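Asks: My questions concern the predicted model and sequence given below.
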Amino acid sequence: MRRGFVAVTALTALVAGGCGAEGRDVVVEGTPPATPYSGPLDIPVEDVDESTRGALLAATGAAGRALECDGEIFGGNGPDGWGSGDGGDTPEDGLRLHFDLFAPEVPRSGYRVERRETDRVLYSFDVGGRTKVAVVVAHDPQDRPGWGPETDASCDPAELPAEFTGSGRYEFWTDAQGERQPVARIHSSVGPEHCDWQTVRFLTLGRGERAATYVRDPDGALGTAVATAPYDPDVPLPADARDTGYRHGEWRLWLTDDRRTAYVRTPDGVEAWPSVTDGVACM
């Protein structure tokens, strides 16, 4: 799994965002979790290009195994991307290098040393005493002197504190009870400004090969070949549509069994968001 890969669909990966907290320490004392990771830190990894649980575990080594997610691993990386002149003098330098080089969409402060060995250190970002982000830094790996990032892994962004996710790429949806839903289950995102897609909104259900993505494109910014049908701002709700229970602000998501169109009920009526064709990308 190459650096920069995040286990999300191509469309949701279009918008970049960062998470951080100015003035906070990158590494803190913290409180050890109830069940700290006790396995080896030096686990061989594989270069994969999938987002299944098995693929992510194979790609993220000890970092993936140190997570304590409510759901599945969301993303991560194996060793790659830093050169002979990048390594730092301390393990914390290696952690900072991870953030500087790869700009992961995870918190950049508040990490705790979970395990320390002679040539590796496991850093964890914990929520409620459970590890949600893990980074393993290594000392003097082959052809790379100094401390630098080796593997990293993270849980679904919905498992991170809202203060770190509010300015990121994802728009979080809730269920009918107001519980924030995993990004891997449902999320939306605004199109990137550098492609003049900022009036576009993508809605994605699921992930990987089974994901379905719908588009709200009121100004036709994507052209005519992207969606399976035109966006329609005012349609009757089909008789066979059902309320999914998913909510985003005043939006309510309804679907029919064929799932070709997302029907979004608003205070003003019902909008039809068509599904998108394969190959939509913004460079």
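Replies: Done, it's in.
Asks: Show me the shaky parts of the stretch 1-150 of the chain.
Replies: 1-23 (pLDDT under 70).
Asks: could you redo the last one with a cut-off of 80?
Replies: For the stretch 1-150 of the chain, residues meeting the criterion pLDDT under 80 lie at 1-24, 31-34, 48-52, 80-81.
Asks: Quick check: beta-bridge partners of residue 121?
Replies: residue 116, residue 137 (DSSP bridges).
Asks: where's it relative to residue 37, distance?
Replies: 12 Å (CB to CB, to the nearest Å). For glycine as for every other residue, the C-beta is placed from the backbone atoms N, C-alpha and C.
Asks: Now the common contact residues for the two.
Replies: Residues touching both residue 121 and residue 37 (CB atoms under 8 Å, 6 or more residues apart in numbering): residue 115.
Asks: pretty sure residue 156 is touching residue 182, no?
Replies: Yes - taking contacts as CB atoms under 8 Å, residue 156 lies within contact range of residue 182: 4.3 Å.
Asks: So between residue 121 and residue 37, which is more surrounded?
Replies: Per other CB atoms under 10 Å, whichever of residue 121 and residue 37 has more neighbours is residue 121, with 24 against 19.
Asks: Please report how far residue 204 lies from residue 146.
Replies: Distance, residue 204 to residue 146, by CB to CB: 39 Å.
Asks: All the strands of the stretch 101-250 of the chain, in order from the start?
Replies: Counting by DSSP state E, counting those that start in this stretch, the stretch 101-250 of the chain has strands at residues 112-116, 120-127, 130-139, 147-155, 171-172, 186-190, 201-205, 212-216, 242-248.
Asks: of all these, which gets the most neighbours per residue?
Replies: strand 147-155 (a mean of 28; mean count of other CB atoms under 10 Å).
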